[in-house]
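> let's see this in three dimensions:
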Amino acid sequence: MLRRAERIHVTTRTPRRRLAESGLSFREDHRDLLRSRVENKLRDDRLPIAEIAYLSGYAEPSTFHYAFSSWTGVTPGKWGERQPRASQLKAVAPCVRIVSIAAGLFQLLLRRV
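A predicted model of the protein is given here:
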């Protein structure tokens, strides 16, 4: 967020405040985006869970397991068993909500700069 704020010449507090004013949370939206990416990777049965953990920014698979279990209530392995595989899906839906939130934030920032 720091780099984005610097690009539009505002402090890092400004985008956070504007998100809060809009009823949005950077932390929640970041978590939702990460969860969506992780779920898509889990659907790809060619990737081991340890690699998904690493690709998602976790240094240890155990930390990834803990985070994933707190999001979903089940381990990544159990969740993956219950989901259709990527090869069975015609297309994986893009993260439309995240994109619309980012666009909304950008609009808010432009209006106030």
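
> any low-confidence regions in this protein?
Segments of the chain classed as low confidence (criterion: pLDDT under 70) are 1-6, 84-113.

> looking at it, Pro15 is touching Ser25, isn't it?
No. Using CB atoms under 8 Å, Pro15 is not in contact with Ser25; the gap is 11.6 Å. (C-beta placed from N, C-alpha, C; glycine too.)

> and these two? Which one has more around it.
Using other CB atoms under 10 Å as the criterion, Pro15 and Ser25 rank with Pro15 on top: 20 against 14.

> which strand or helix spans Ser70?
Ser70 is part of helix 61-72 when elements are defined by DSSP states H and E.

> quick check: buried residues in that helix?
61, 64-65, 67-68 (16 or more other CB atoms under 10 Å).

> check which helices and strands it sits against.
Here helix 61-72 touches helix 26-43, helix 49-55, helix 76-82, going by 3 or more CB pairs under 8 Å, 6 or more residues apart in numbering; DSSP states H and E.

> identify the residues contacting that helix?
31, 35, 38, 49-50, 52-53, 56, 58, 75-76, 79 (CB atoms under 8 Å, 6 or more residues apart in numbering).

> which of these has the most neighbours?
Neighbour counts for those, by other CB under 10 Å, peak at Val38, which reaches 24 neighbours.

> tell me the spacing between the closest residue in space to that one that isn't next to it in sequence and Phe68.
Computed as CB to CB, 6 or more residues apart in numbering, the closest residue to Val38 that is not its neighbour in sequence is Ser56, at 5.4 Å. Here Ser56 is placed at a distance of 9 Å from Phe68 (CB to CB, to the nearest Å).
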